[in-house]
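Colleague: Got a sequence here, can you model it:
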Amino acid sequence: MKLDRTDIRILYELQKNGRITNVELADLVHLSPSPCLMRVKRLQAEGYIEGYSAEINLSKLGQTLTVFTEITLKNHRQVDFARFLTVVEKVDQVIECHLVSGGYDYLIKFVTAGIGEYQTIMERLTDMDIGIDKYFSFVVLKSPIVKSHLPLTTLFPL
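Modeller: Reported below is the predicted structural model:
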């Protein structure tokens, strides 16, 4: 399926507000409601829209700790990466995991109840012999900019 400027605009608006009504969305993307709804359904069917969710204000729920962790593996065979990922993807506190280039292998974002929980998780992971050589932790003190939407209209200008 080839996307056009209107499809990108629909995706852009939906990622900012997944609860927008079809009439409001159609108005924003300069379509009538029926063709707009057909496009949204097609984007869902083709997998461009994977789902809808709510953004939770964690600070309202209580105190949390966010930690970015650089992890270097001992070995770099495909089996080593697979073994590591099999375990890490089951850790609920892992919010993001990125294979990166540079001085380490993975950059992982953890959100935990506190430093004690983070330490317990890292001790468990290093004790499991899943190939971790070393890791460095960076505790987030403040997050002045966090965006939940991507700049689709500038990434994919049609």
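
Colleague: use CA for all of it now, contacts and neighbours both
Modeller: Will do.

Colleague: The spatially closest residue to residue 113 that is not a sequence neighbour and residue 123, how far apart?
Modeller: Nearest non-adjacent residue to residue 113, counting by C-alpha to C-alpha, 6 or more residues apart in numbering: residue 64, 4.7 Å away. Per C-alpha to C-alpha, to the nearest Å, residue 64 is found 19 Å from residue 123.

Colleague: if we can go back for a sec, does the residue nearest to residue 113 touch residue 117 like I think?
Modeller: No - counting by C-alpha atoms under 8 Å, residue 64 does not reach residue 117; the two are 10.2 Å apart.

Colleague: could you pull out the helices for the chain?
Modeller: Assigned helices in the chain, in chain order: 5-16, 22-28, 33-45, 58-61, 78-88, 115-127, 152-155 (criterion: DSSP state H).

Colleague: Could you give the number of residues near residue 70?
Modeller: As a burial measure, residue 70 scores 20 neighbours (other C-alpha atoms under 10 Å).

Colleague: For it, give me its contacts.
Modeller: By C-alpha atoms under 8 Å, 6 or more residues apart in numbering, the residues touching residue 70 are 104, 105, 106, 107, 108, 135, 136, 137.

Colleague: Please convert these to CSV, extending it with neighbour count and distance to residue 4.
Modeller: As requested, the contacts of residue 70 are exported to CSV (neighbours: other C-alpha atoms under 10 Å; distance: C-alpha to C-alpha, whole Å):
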residue, neighbour count, distance to residue 4
104, 15, 38
105, 19, 36
106, 20, 35
107, 20, 34
108, 18, 34
135, 16, 43
136, 12, 43
137, 16, 42
